[in-house]
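Undergrad: Would you be able to build a 3D model of this:
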Amino acid sequence: MMGRSRDERGSISVWLVTSSFVMMMLVGLAVDLGGQVHAKQRAHNIAAQAARTGGEQVQAAPAIEGEYVAVDAVAARHAAEDYLAASGVTGTVTISGGDTITVNVTDTYTPKFLSFIGLGDLAVTGKASARLVRSLGGSEQ
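TA: This next block holds a predicted model:
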């Protein structure tokens, strides 16, 4: 007879199932954490573009006369909010000092693998500002 004991049968199957599960979880972590980072970068990029879009709304008369540069607050807020709506995210737009637009974006990332173990949507945020600058000969005035 062979020297095998009957109580060892199936031990490789248990090990294979356990290690396969662990490997799938590690792949899931890598994919979903990478996806969350990508979603966070997207939120930041959308915030930056919305701030730039709002920053294009300048009070025309003083800028043309060369007096000062200031944001048209109402038009800038609407332009930035329209950009956020077109991008499919929610966010807030604040204007401070008459020349700085700050946009905060809130979005969600839905995990692809880790949702199978009950991990729900993950919140991601992004924040960016744009400041109007008047320059003459390359230096800020």
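
Undergrad: Pull up the gap between Asp121 and Ser129, please.
TA: 27 Å (C-beta to C-beta, to the nearest Å). In this view, the C-beta of every residue, glycine as well, is placed from N, C-alpha and C.

Undergrad: Report all helices and strands that the longest helix along the chain contacts.
TA: Ranked by number of residues, the top helix in the chain under DSSP state H is helix 11-55. Applying 3 or more C-beta pairs under 8 Å, 6 or more residues apart in numbering; DSSP states H and E, one finds that helix 11-55 contacts helix 73-87, strand 90-96, strand 100-109, strand 122-131.

Undergrad: Let's see that with 6 Å instead.
TA: When contacts are defined as 3 or more C-beta pairs under 6 Å, 6 or more residues apart in numbering; DSSP states H and E, helix 11-55 sits against helix 73-87, strand 100-109, strand 122-131.

Undergrad: Which one of those lies nearest to Glu56?
TA: Smallest distance to Glu56 across the helices and strands packed on helix 11-55 (C-beta to C-beta): 7.0 Å, for helix 73-87.

Undergrad: Flag every buried residue along the closest one.
TA: Neighbour-count burial for helix 73-87 flags Ala76, Arg77, Ala79, Ala80, Glu81, Tyr83, Leu84, Ser87 (criterion: 16 or more other C-beta atoms under 10 Å).

Undergrad: State the mean pLDDT of that helix.
TA: Across helix 73-87, the average pLDDT comes to 94.

Undergrad: Can you pull out the residues in contact with it?
TA: Ile46, Ala50, Thr53, Gly54, Gln57, Gly91, Val93, Ile95, Ile101, Val103 (C-beta atoms under 6 Å, 6 or more residues apart in numbering).

Undergrad: Phi first, then psi, for the fifth one.
TA: Comment: the main-chain dihedrals of Gln57 come out as phi -90, psi 90, following degrees, to the nearest 10.

Undergrad: can you tell me how far it sits from Val69?
TA: 12 Å.
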